[in-house]
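*Asks:* sequence? don't have it. structure:
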């Protein structure tokens, strides 16, 4: 136990205030100490009387051990009694480290194979179909090629969602036709997206606590309003009497998934026909968990009791008709109504009607998600973050009007970078603007000491695999056989094939990439490479901040270019066309030829005997 062995202590992993604070406040009322930890840079530091201590852990990066080691060290130091996830990223992390965590702490999730069935939306919907539950048409695409293959089967309009929970998230987007969908996917570098049939209706959540295959507690709410107005999270909801059919379907599905613990099964119900369609399962405490607690169903407490061998005293009913509101989200909704483009398949509501209805919706008699008279700081902190976010949005909108398309792309790259890599990216970009880039090759490892070269780009689909193939080809021609050559991507999805344009142009060059399969960068790859060559400043910034041990071995490939191209970026042709790819590969060819000559020359010099 932490600090006081007489007080059981829970670690909540994830700092989403609506979830983490609801759990903390629930358990604190029973004198159960709660601490919160997060590994997500975008999540805030939580300051609340219900949170004993807040911990910030390293970010979770692919094939990186930092978070796992830090989490294990924290568990050993504090000797927590139980760990609970607050959000899908936390659920995914706990599942990944499950075998390391179970000897140290009670883990408030099912085993990883069961968690995967819920995090992977396709598996969830497949199981639901097997149970006879109505689901929307759904398919996952990982590339433009896969989109074209699936195009004839898509029932437009289509909703675009993240392919897997716990991965990089974005708000649901909508496409009315194939052209709109192609534009959406070309504009964004998502690893995987879920394309789902649009289902009209209102959102209904059936919240359940499962234990040993039976429903211990249940609650149902209906969404009255969502944020943004195009559809998203609940910001105004009402408690309803349980629908027997929805409850039965939900329990049947969770049993089929072998789920144990809390879950919210989400449906879209068409009020005109009464038809219900399953949308997803949230396999952890959900964003509106404070709602059932206020209505009399204390899910966090009951779950804690079950995990400790106690039998919870669950009331037979709850306050149907009670309303719940998340005020910062409500403000976000109003902003989305004010913004010009609705981005939805529904007509955008009238701003006048929206403002008029807000008078009643913001009533102090409606349960507020975060408000507590004894603990008011979290409410004002989140409200302040929301308002500050609007200021930033207005500023960005103004800058977009003033800035060129190229500057806008730089800002977009900066925004998607991990916080620790941003300053390095700005440094590289500013040096390029003022002509301060390095222009020689002497600052790297001596060429005669280079026995392994690693090329790195974004997804290991176009630039880096071609650079790998080109260097292998050049070294073979020169008779240099002691250099291993590999490629990887900072954001690569393991096993993906080279892009179709990369394959086409590589065949033209006589170095086909048909057999290439993408792989992500790892600490082992970096450690075992004498020379690491990135394609652009984004790759360079991420490599240097993720793998500081590689400093002195990480450079731009264009350091081997001549003239004005030296130490400049080699742009990603992914969003261009086949001609863009040909031009990119011409630049790669020039750099690779010079690199191969340096490697060959250094070996020739070593073979020349010294004169006496």
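*Replies:* That came in fine, so what should we check first? Note that this is a predicted model, so its numbers are computed, not measured. Residues are numbered from 1 along each chain as shown.
*Asks:* please work out how many residues are found near residue 271.
*Replies:* By the measure other Cβ atoms under 10 Å, the count of residues near residue 271 is 10. For the C-beta atoms, the positions are set from N, CA and C on the backbone; glycine is no exception.
*Asks:* using the three-state scheme, assign it.
*Replies:* Using DSSP: H, G, I helix; E, B strand; the rest coil, the structure places residue 271 in coil.
*Asks:* test my guess that it contacts residue 202.
*Replies:* Yes - counting by Cβ atoms under 8 Å, residue 202 is a contact partner of residue 271 at 6.3 Å.
*Asks:* gap between the lengthiest strand in the chain and the chain center?
*Replies:* The residue-count maximum for a strand in the chain (DSSP state E) belongs to strand 214-227. How far strand 214-227 lies from its chain's middle: 25 Å, per Cα atoms, centre = their mean, to the nearest Å.
*Asks:* tell me which helix or strand comes right after it.
*Replies:* Using DSSP states H and E, the helix or strand that directly follows strand 214-227 along the chain is strand 233-240.
*Asks:* buried stuff in whichever helix or strand comes after that next one?
*Replies:* Note on strand 233-240: by DSSP H and E, the next helix or strand toward the C-terminus is helix 244-257. Using 16 or more other Cβ atoms under 10 Å as the test for burial, helix 244-257 gives 246-247, 249-251, 253-254, 257.
*Asks:* could I get the average pLDDT for helix 244-257?
*Replies:* Across helix 244-257, the average pLDDT comes to 97.
*Asks:* so which elements touch that helix?
*Replies:* Contact analysis of helix 244-257 by 3 or more Cβ pairs under 8 Å, 6 or more residues apart in numbering; DSSP states H and E lists helix 112-119, helix 121-130, strand 202-211, strand 214-227, strand 261-269, strand 276-282 as its packing neighbours.
*Asks:* what about residue 507, how many neighbours?
*Replies:* Residue 507 - counted by other Cβ under 10 Å - has 12 other residues nearby.
*Asks:* again with residue 391
*Replies:* 9.
*Asks:* beta partners for residue 139?
*Replies:* residue 195 (DSSP bridges).
*Asks:* didn't it look like it was pressed against residue 195?
*Replies:* Yes - the criterion here is Cβ under 8 Å, and residue 139 meets it with residue 195 at 5.3 Å.
*Asks:* those two: which is more packed in?
*Replies:* A count of neighbours by other Cβ under 10 Å puts residue 195 above the other of residue 139 and residue 195, at 24 against 17.
*Asks:* in JSON lines: the buried residues of helix 244-257, plus distance to residue 567.
*Replies:* Shown next, in JSON lines, are these (distance: Cβ to Cβ, whole Å):
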{"residue": "246", "distance to residue 567": "61"}
{"residue": "247", "distance to residue 567": "63"}
{"residue": "249", "distance to residue 567": "60"}
{"residue": "250", "distance to residue 567": "58"}
{"residue": "251", "distance to residue 567": "62"}
{"residue": "253", "distance to residue 567": "56"}
{"residue": "254", "distance to residue 567": "56"}
{"residue": "257", "distance to residue 567": "53"}
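*Asks:* now do the helices in the stretch 501-612 of the chain.
*Replies:* 523-527, 537-546, 578-607 (DSSP state H, counting those that start in this stretch).
*Asks:* give the contact list for residue 151.
*Replies:* By Cβ atoms under 8 Å, 6 or more residues apart in numbering, the residues touching residue 151 are residue 178.
*Asks:* any idea how far it is from residue 139?
*Replies:* 10 Å (Cβ to Cβ, to the nearest Å).
*Asks:* burial check on residue 554, number of neighbours?
*Replies:* By the criterion of other Cβ under 10 Å, residue 554 has 21 neighbours.
*Asks:* for it, which non-adjacent residue is closest in space?
*Replies:* For residue 554, the nearest residue in space outside its immediate sequence neighbours is residue 532; the separation is 4.5 Å by Cβ to Cβ, 6 or more residues apart in numbering.
*Asks:* so that neighbour sits right up against residue 543, yeah?
*Replies:* Yes - with contacts counted by Cβ under 8 Å, residue 532 reaches residue 543, the gap being 6.6 Å.
*Asks:* what residues do those two have in common as contacts?
*Replies:* Common neighbours of residue 532 and residue 543 (criterion: Cβ under 8 Å, 6+ apart): 456, 526, 550, 554.
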